[in-house]
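Student: Give the three-dimensional model of this entry:
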Amino acid sequence: MNIIDIRNIFKIYEIGDVKVHALNDVSLRIDKNEYVAIMGPSGSGKSTLMNLLGCLDTPTSGVYNFTGENVGEMDDNDLAEIRNREIGFIFQTFNLLARSDALHNVELPLIYAGVSASERKERARKALIDVGLEDRVYHKPNELSGGQRQRVAVARALVTRPSIILADEPTGNLDSKTGREIMALFNEIHGQGNTVIVVTHEEDIARHAMRVVRLLDGKIEIDEPVTNRIVPEPVA
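Tutor: Residues are numbered from 1 along each chain as shown. Now for the predicted structure:
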């Protein structure tokens, strides 16, 4: 079942008198419970594609069907609802509120979704336990290591029970050991039925996925299975 189906997508930015084709006739399908890495050098269009897949931006032309719904026909409120309900975002820079503890950071998407205080605290606490942070619930970001901060970000992405996890360079600010732990966590998330999409420029990170899509100059250059996949040890 296609969860993402984009056809003949163009994204053109106008910078003064210059038109930049960030995406040039891109078509891509991603099925439910796939694990996909999107790769490409700087300027290849991978960040633009990530923003479109995550409903953070809309294409200049082409069709994007998300779980059968045409994203191009949605207004800003519809897009915001899709993002909050269906997509869990994980960013390289964690994007945590510095003055709030881990529990409140994980609660945030549920606040926007109108979930009651008691339910959202229970769900946020469970999400933190699921990523191995049961003893860091009331710690603020400056009291956590980089890996722990990223785990908070993963818990926040999971707390709405989304259908897709969309991660942008999720290990970019982490040392190699912590990066491996985060990728092991992604493998478990995928094993639980989530669709996982990782945007990365690192070959070793991409090898954790089952399929790699390589972009060059706004076009898909390669779309193929990962043949030498890294299967990490389960998270302790």
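Student: where along this protein do the strands fall?
Tutor: Ranges of strands in the chain, per DSSP state E, are 2-15, 18-31, 35-39, 61-66, 69-70, 87-91, 164-168, 195-199, 211-216, 219-225.
Student: Counting by contacts, list what the last one packs against.
Tutor: Just to be clear, that refers to strand 219-225. Here strand 219-225 touches strand 18-31, strand 211-216, going by 3 or more C-beta pairs under 8 Å, 6 or more residues apart in numbering; DSSP states H and E. Where C-beta positions appear, they are placed from N, C-alpha and C, glycine not excepted.
Student: Out of these, indicate the one that is most buried.
Tutor: Ranked by mean neighbour count, the helices and strands packed on strand 219-225 are led by strand 211-216 with a mean of 20 (mean count of other C-beta atoms under 10 Å).
Student: Could you list the residues in contact with it?
Tutor: Under the criterion C-beta atoms under 8 Å, 6 or more residues apart in numbering, residues 26, 28, 34-41, 44-46, 49, 206, 220-226 lie in contact with strand 211-216.
Student: Mind doing that once more with 10 Å?
Tutor: 22-24, 26, 28, 30-31, 34-41, 43-49, 197-200, 203, 206, 220-227, 229 (C-beta atoms under 10 Å, 6 or more residues apart in numbering).
Student: List the neighbouring strands of it plus their orientation.
Tutor: The pairing partners recorded for strand 211-216 under DSSP bridges are strand 35-39 (parallel), strand 219-225 (antiparallel).
Student: Please compute how far that strand lies from its chain's middle.
Tutor: Counting by C-alpha atoms, centre = their mean, to the nearest Å, strand 211-216 is centred 16 Å from the centre of its parent chain.
Student: circling back to that earlier point, among the contacts of strand 211-216, name the buried ones.
Tutor: Neighbour counting by 16 or more other C-beta atoms under 10 Å classes 22-24, 26, 28, 30, 34-40, 44-49, 197-200, 206, 220, 226 among these as buried.
Student: Just give me the neighbour total for residue 17.
Tutor: Residue 17: 5 surrounding residues under other C-beta atoms under 10 Å.
Student: Retrieve the pLDDT associated with it.
Tutor: Per-residue pLDDT puts residue 17 at 89.
Student: Kindly list the main-chain dihedrals of it?
Tutor: Dihedral angles of residue 17 (phi, psi; degrees, to the nearest 10) stand at phi -90, psi 0.
Student: ok, now how distant is it from residue 11?
Tutor: 18 Å (C-beta to C-beta, to the nearest Å).
Student: just to revisit the earlier point, tabulate the strands paired with strand 211-216 (CSV), appending distance to residue 78 and mean pLDDT.
Tutor: As requested, those are exported to CSV (distance: least, C-beta to C-beta, whole Å; pLDDT from 0 to 100):
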stretch, distance to residue 78, mean pLDDT
strand 35-39, 24, 97
strand 219-225, 27, 96
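Student: Take those and lay them out in JSON lines including distance to residue 146.
Tutor: Formatted as JSON lines, the strands paired with strand 211-216 follow (distance: least, C-beta to C-beta, whole Å):
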{"stretch": "strand 35-39", "distance to residue 146": "21"}
{"stretch": "strand 219-225", "distance to residue 146": "31"}
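Student: any weak-confidence spans in the protein?
Tutor: Across the chain, the ranges flagged by pLDDT under 70 are 234-236.
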